[in-house]
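>>> any chance you can model this:
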Amino acid sequence: MISRRNFLEMTLKGIVLIGAGNTLQSFAPAGFTLPSRKKVRLRFALASDGHYGQPKTTYYENHQRMVKWLNKEKKGRGLDMAVINGDLFHDDAKFLPDVKAAWDKLAMPYVVSHGNHDKIAEPEWLKTFGTAWHHDFEKGDAGFIVLNTADVEGKYICPDLDWTRARLEMYAGKKHLFVIMHITPVKWTEHGIDCPELVEMFSKQKNLKAVFHGHDHAEDGMKEKNGKHYFFDSHIAGSWGTPYYGYRIVEVLEDGEVLCYQVNPEQKEPVNSNILSETASILTK
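I've put the predicted structure just below:
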């Protein structure tokens, strides 16, 4: 994996710059590098779909490797938290204590979302992780809303709309708002689900900077709907998906800008090569 020093010095071709208020700025790939760490107010990582316990997969080794990568991020440029965005284990709840033990080795606080393969009753989930399937929290001037997208049997469902509406209103005064949900609410992919009422809520939320998803192991980029941006982060393990295992990094800067890029730890440069401009044009390299 690339050293932290080299990573800071290199040009980022795979970076997305989201401006305050969800307006966008554009920079040429050859002219943009990571900002000084002193300018970063909040930095967090997102990873999803570990499928701990899935037969005929190297789930144990993959978790050990991901924990090592994220702890290296913590030691280097720093991480305030990690988000494990669903499908922590694979169908059988007997693996829940083991996957909890694996993530407890992270050197930073972490939060989880409930995925469709996390087939366990909500009270047991709450007892294990200390959070319900729907929950929220804040860090400084950023609010986070975590939504549930599956029932106890793994059926895809839209999140609780009344609960979500109340939380969107509660965090409307925050400078930044991020939503975390395992399954995308737009059927862009084979594994998505349409939740038009939810998407409409998101579209009207002025301070909503990004919605983060797992579930679609083969997706590692960004999709746009009504001016809002929906990000995917590849996969931690599992039997299918992108040819690499990776994670996404988000940096909230002191001037209000938000940087977001996808990491393949086996490569020197980030995976994504999107440039979003303030004039709403989108260039893909």
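>>> which ones are touching Met81?
By CB atoms under 8 Å, 6 or more residues apart in numbering, the residues touching Met81 are Phe44, Ala45, Met108, Pro109, Tyr110, Val111, Lys139. The way it works is simple: take the backbone N, C-alpha and C, and place the C-beta from them, glycine included.
>>> quick one, strands of the stretch 101-250 of the chain?
Listed in chain order, the strands of the stretch 101-250 of the chain (DSSP state E, counting those that start in this stretch) span 110-113, 135-139, 142-147, 176-181, 208-213, 222-225, 228-232, 247-253.
>>> nearest to Thr149, of the contacts of Met81?
Thr149 has its nearest neighbour among those in Val111, at 15.6 Å by CB to CB.
>>> which non-adjacent residue is nearest Ala93?
Leaving aside its chain neighbours, Ala93 sits nearest to Ile120 (4.2 Å; criterion: CB to CB, 6 or more residues apart in numbering).
>>> that neighbour and Thr57, how far apart?
Note on Ile120: its distance to Thr57, by CB to CB, to the nearest Å, is 20 Å.
>>> about what we covered before: closest to Tyr156 among the contacts of Met81?
Looking across these and measuring by CB to CB, the closest to Tyr156 is Val111, at 21.5 Å.
>>> tell me how many other residues crowd the spatially closest residue to the closest one that is not a sequence neighbour.
Counting by CB to CB, 6+ apart, Val83 is the residue found nearest to Val111 once chain neighbours are left out, at 5.5 Å. Neighbours of Val83 under the rule other CB atoms under 10 Å: 24.
>>> contacting residues around Val83?
Listed by CB under 8 Å, 6+ apart, the contact set of Val83 reads Phe44, Ala45, Leu46, Ala47, Tyr110, Val111, Val112, Ser113, Ile180, Phe212.
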